[in-house]
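Asks: structure for the following, please:
(chains A and B)
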Amino acid sequence: MSDATNASPALLDVRDVSKAFGAVEVLRSVSLQVKRGEVVTVIGPSGSGKTTLLRCVNFLESYDSGSIRIDGKEVGYREAGTRQRRSERDLAAMRAETGMVFQSFNLFPHLTAAGNIMLGLTKVRGKSQTEARQIAEHWLGRVGLAHKADSLPAELSGGQQQRVGIARAVAMEPKILLLDEITSALDPELVGEVLAVVRSLAEDGMTMLMVTHEMAFARDASSRIVFMADGGVSAVGPPKEILAAETSNERLRTFLARFRASHF
Amino acid sequence: MASQILYALPFLAKGFALTLWVSLLVVTLSLVAGVLLGVGLVYGPAPLRWAVRIFSDTIRGIPILVLMFFVYYGLPAVGLHLPSFWAAVLALTLFKTAQVIEYLRGAVASIPKGQSEAAMAIGLTFRQRLTSVIFPQAFRRFLPPWINGVTDAVKGSALVSLLGITDLMQAINQVIGRTYEAMPLYILGALIYFAVNYALSLASRRLERRFAFIRE
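Replies: Residues are numbered from 1 along each chain as shown, chains lettered A, B, ... in the order given. This next block holds a predicted model:
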């Protein structure tokens, strides 16, 4: 483990982050902490800002105010409060510390499964080809795809592609893994194999922030669940509390009722 | 008749060599300039983007012949005297560059945004994203129209004969002037142009297969 004496107790510390696309406020003063080893799941109706929040954490999106710190270090801007973007080089270095898995996989189609994983290891981490290949094979083994190392993404099923996507992200040994609706583009029968990989990473103590519509998985795998509505955090708590049918939060109750209605 | 044409073959070969030389110069120079300006058009700061956009739209709106006459007969008015050979090469290169810019822009634009984002997410810098993720994919889409453009450049090079340069076209016309054998000589010329371009399109098909993402 890395040093536990860090000043900030939360590995990810999101404070009062707001963002607007034109007149539409997509994030309203969102605050959220994720501790080392925690799995925090963000749920909420579509358009509630979940994905935008995730994309702000590795600065694929900028935000208008507030602060996002990982391990005590401000993410996209030189200092909290200023809107001075970090340099391109700095941003790249920051992003290398956060892994991201995308809804649409976004594997590099011109590279093999192993090649997808090796790219960041060689270009960003400065590993040799041999070493990168070994790491890639290790992680492909972890996601059950050791035999697919030399396959191109187009030769893999959706579930296999997404498992490569996960391997590509974790092989960089990120401090935190961001999972953005990673099973939403998959056929129902392929969801299980991907969630099994996420679960095993959680058991290994990987810190994760994920957006998902898989309520059963959120209930079983999360340390805490964050419910977002209209760009703000509407409720935070342990899964049992948040997913309880008799919650006093009206929006959450409506969301869960609608969700249940559409899934049974 | 046959003997007259045989007698003219070395002369025609010299013309052909010049055609290849002009084509090679135009294709190479326009590739370098077009890719650089194309990257400027896609990723550059606003003033550069506007400048490249204006350049490309203007050039593509002018017939090559007008462009060539403008460079050769027009530019001396502002003190730029170019020998006919270089005037022709410059005009053809300008024209081709504008096309390469558009092929590049189209190829890069066709790569989904998720590719850049995935590359950013693993911490690649802008330059690394271009060289390791965007260009290798864009190259595959750039290639077919570009090779098409190369064959156009070979055919279009026949226009330099209008500035009195002895390329294949001009050589053929001169031999016809001496022998009055128009039909066989134009057929011979057509066959030579065809052979070059057919070879190019065969090569392009091989290249496209080589860079396909699905192995066959």
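
Asks: for the chain, which spans come out with low pLDDT?
Replies: If you meant another chain, say so; for now it's chain A. Within chain A, the segments meeting pLDDT under 70 span A:1-8, A:80-81, A:263-264.

Asks: other chain: chain B
Replies: For chain B, the ranges with pLDDT under 70 are B:1, B:213-216.

Asks: for chain A, what are the nearby residues on it?
Replies: Within chain B, the residues that sit near chain A (Cβ under 8 Å from any Cβ of the partner chain) are B:112, B:114-115, B:117-126, B:128, B:132-133, B:136-137, B:140, B:213-215. Heads up, the C-betas are built off the backbone N, CA and C, glycines and all.

Asks: buried ones only from these, please, as a PyMOL command.
Replies: Listed next is the PyMOL selection for buried residues among the residues of chain B next to chain A, using 16 or more other Cβ atoms under 10 Å in any protein chain shown:
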select buried, chain B and resi 115+117+118+119+120+121+122+123+124+125+126+128+132+133+136+137+140
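
Asks: for the host helix or strand of residue A:15, buried residues please.
Replies: In this assignment (DSSP states H and E), residue A:15 forms part of strand A:10-21. For strand A:10-21, burial by neighbour count (16+ other Cβ under 10 Å) applies to A:10-15, A:17-19.

Asks: just the residues you listed now: which is nearest chain B?
Replies: When these are compared for distance to chain B (Cβ to the nearest Cβ), residue A:12 wins out at 15.5 Å.

Asks: any idea how far chain B is from the residue lying closest to the closest one once chain neighbours are set aside?
Replies: Closest residue to residue A:12 apart from its sequence neighbours, by Cβ to Cβ, 6 or more residues apart in numbering or on different chains: residue A:34 at 4.1 Å. Noted for residue A:34: a distance of 18 Å to chain B, by Cβ to the nearest Cβ, to the nearest Å.

Asks: for the residue of chain B at minimum distance from chain A, what are its contacts?
Replies: With Cβ to the nearest Cβ, the shortest gap between chain B and chain A falls at residue B:123, namely 2.7 Å. Residues near residue B:123 by Cβ atoms under 8 Å, 6 or more residues apart in numbering or on different chains: A:92-97, A:120, A:124, A:172.

Asks: greatest separation within the residues you listed: which pair is it?
Replies: The distance between the two most remote of the contacts of residue B:123 (Cβ to Cβ) is 13.8 Å, for A:94 and A:120.

Asks: which parts of chain A sit against chain B?
Replies: A:58, A:60, A:88-89, A:92-100, A:102, A:104, A:106-110, A:119-120, A:123-124, A:152-155, A:168-169, A:172.

Asks: ok, of these, which come out buried?
Replies: A:58, A:60, A:92, A:94-100, A:102, A:104, A:106-110, A:119-120, A:123-124, A:152-153, A:168-169, A:172.

Asks: mind listing which of those are in helices?
Replies: The members of these that map onto helices under DSSP state H are A:92, A:94-95, A:119-120, A:123, A:168-169.

Asks: of those residues, which is the nearest to residue B:55?
Replies: Closest to residue B:55, out of all of those and judged by Cβ to Cβ, is residue A:92, at 31.8 Å.

Asks: that closest one reaches residue A:124, doesn't it?
Replies: Yes: using Cβ atoms under 8 Å, residue A:92 makes contact with residue A:124 at a distance of 7.4 Å.

Asks: mutual contacts of those two, please.
Replies: In contact with both residue A:92 and residue A:124: B:123-124, B:128, using Cβ under 8 Å, 6+ apart.

Asks: near residue 105, how many other residues are there?
Replies: Going with chain A. 24 (other Cβ atoms under 10 Å in any protein chain shown).

Asks: you answered for a different chain; I wanted chain B.
Replies: Going by other Cβ under 10 Å, the residues that sit close to residue B:105 add up to 21.

Asks: pretty sure it is in a helix, no?
Replies: Yes: counting by DSSP: H, G, I helix; E, B strand; the rest coil, residue B:105 is part of a helix.

Asks: measure it to residue B:2 for me?
Replies: Distance from residue B:105 to residue B:2, counting by Cβ to Cβ, to the nearest Å: 50 Å.

Asks: kindly report the same for residue B:173.
Replies: Relative to residue B:2, and taking Cβ to Cβ, residue B:173 is found at 19 Å.

Asks: settle it for me: which of those two has more neighbours?
Replies: A direct count of neighbours by other Cβ under 10 Å for residue B:173 and residue B:2 places residue B:173 higher, at 16 against 8.

Asks: what comes up buried for stretch B:153-173?
Replies: B:153-161, B:163, B:165-173.

Asks: what about it, how long is it end to end?
Replies: Here the two ends of stretch B:153-173 are set 20 Å apart, with distance taken as Cα to Cα, to the nearest Å.
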